[in-house]
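In: with the input below, show me the fold.
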Amino acid sequence: MRLILKLLLAILMTVTAQFNCYAETRPQIIGKTAPLFVLPDTNGKQHSLKQWRDKLIIVNFWATWCAPCKKEIPLFNDIQKEFEDDIQFIGIAIDNANDVKIFNQRIPFNYPNLIGGLDAIELVQQYGNKAGTLPYTVFINRSGKIQMIASGKITRSFLHRTIEKLL
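Out: Okay, the predicted model is just below:
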């Protein structure tokens, strides 16, 4: 049953993510305090959103089976390195730790990657993603307020414009 649910979720999220990235300014989300979370990394160490509050935080919800998600990771690695003093990417995998560890051997991350599992579906909804689209990216300012959300694959130019606007 869990496998069927995961497959259906994968199909839904992959189909909706095939469209271009679009930024949203939903009044009910933008400007609100970002929901706090505590999630483990692939080694089981717990991390809280609060630990990165001194930077612009970019939370990216993704999965190992999401094709557009895979394409974003090298870009996020580059941007994290470029703006390392000012921003912090945080990946939240809607996946299990073992699958993410295997994935990370092929495509490494230079930013924290947390394991949300299927429970992260509820978290991504709290961040405004009612449709369940992946990838889904949330920009949070140093005060902990959500400034922008983006559904679908993000481009380098979109990231540069958004980061420069929010810093």
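
In: is it true that D85 lies in a helix?
Out: No - counting by DSSP: H, G, I helix; E, B strand; the rest coil, D85 is located in no helix; its state is coil.

In: please renumber so the chain begins at 46
Out: OK, 46 is where the count begins now, so the last one is D130.

In: mind pulling up the pLDDT for the most centrally placed residue in the chain?
Out: Nearest to the geometric centre of the chain sits N105, at 1.0 Å (CA atoms, centre = their mean). Listed pLDDT for N105 reads 98.

In: give me the element it is part of.
Out: Assigned by DSSP states H and E, N105 belongs to strand 101-107.

In: picking up where we left off before, which residues does the residue nearest to the centre of the chain bridge with?
Out: Beta-bridge pairing for N105 (DSSP bridges): G136, T182.

In: OK, contacts around it?
Out: Contact analysis of N105 by CB atoms under 8 Å, 6 or more residues apart in numbering lists C114, E117, F121, F134, I135, G136, I137, P180, Y181, T182, V183. Just so you know, the C-beta spots here come from the backbone N, C-alpha and C atoms, and that holds for glycine as well.

In: what is the nearest of those residues to I160?
Out: Distance ranking of these against I160, using CB to CB, places I137 first at 8.0 Å.

In: what about the closest one, neighbour count?
Out: A count of neighbours around I137, defined by other CB atoms under 10 Å, yields 25.

In: name the nearest residue to it, sequence neighbours excluded.
Out: The spatial neighbour of I137 that comes closest, neighbours along the chain excluded (CB to CB, 6 or more residues apart in numbering), is G161 at 4.7 Å.

In: cool, and C114?
Out: Using CB to CB, 6+ apart and skipping the chain neighbours, the partner closest in space to C114 is W107 (3.7 Å).

In: picking up where we left off before, quick one: which of the contacts of N105 is nearest R151?
Out: Closest to R151, out of all of the contacts of N105 and judged by CB to CB, is C114, at 13.2 Å.

In: A108 is in contact with that closest one, correct?
Out: Yes - using CB atoms under 8 Å, C114 is in contact with A108, at 6.0 Å.
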